[in-house]
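# Predicted coordinates and the sequence they were generated for:
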Amino acid sequence: MKSTTNNLKIDGIDKDILRNLIEDARRPILEIARKIGISGAAIHQRLRKLEASGLIVGSKFIIDPKVLGYKTMAFVGVYLDKAVSNPRAVNQLRDIPEVIECHYTTGNWSIFIKILCKDNEHLMNVLNKNIQVIEGVSRTETFISLDQQIDRQIKI
């Protein structure tokens, strides 16, 4: 991932392009061009500039995990016995497919992770057999999400 610069200047046209693509990344460039009133080539040029700046770091399809049977989302605070355990623990967490996010944090936990599982039994198995056995993990604290209310990107 490229680092962004603090000197990046985006104008109203850049913002319009980004808003359109955030709303629907599959929206045709020519449709956006007609809507904004500039050429498709100009949009491509601006997108290349935004990608080169590091502001746009990719595009992706979003899969609904519930369709695949993943109905339990949990957030887990991971307590580590020593700070030197952090990189080793993160490397082992990478190997657990149910772990979809991992963050170093301040406060009580060393690491905070987001997990997707098929059900509570699956979650219990992931916690007991995959996470709590990682060397350096002293304990975990788990919060099950009942329902996600907000899912958005930063406002442009």
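Perfect, I can see it now. Numbering: from 1, shown residues only.

# What number of residues are in the vicinity of W109?
By other CB atoms under 10 Å, the residues close to W109 number 18. From N, CA and C alone the C-beta is placed, and that goes for glycine too.

# residues touching it, list them.
Shown in contact with W109 (CB atoms under 8 Å, 6 or more residues apart in numbering): 77-79, 141.

# cool, and K118?
Counting by CB under 8 Å, 6+ apart, K118 touches 69-72.

# circling back: which one of the contacts of W109 sits in the busiest neighbourhood?
Neighbour tally across these (other CB under 10 Å): the maximum, 26 neighbours, falls on V78.

# follow-up on the earlier one: dump the contacts of K118 into a markdown table; add distance to I131 and neighbour count as well.
Putting the contacts of K118 into a markdown table (distance: CB to CB, whole Å; neighbours: other CB atoms under 10 Å) gives the following:
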| residue | distance to I131 | neighbour count |
| --- | --- | --- |
| G69 | 21 | 10 |
| Y70 | 17 | 18 |
| K71 | 19 | 13 |
| T72 | 14 | 19 |
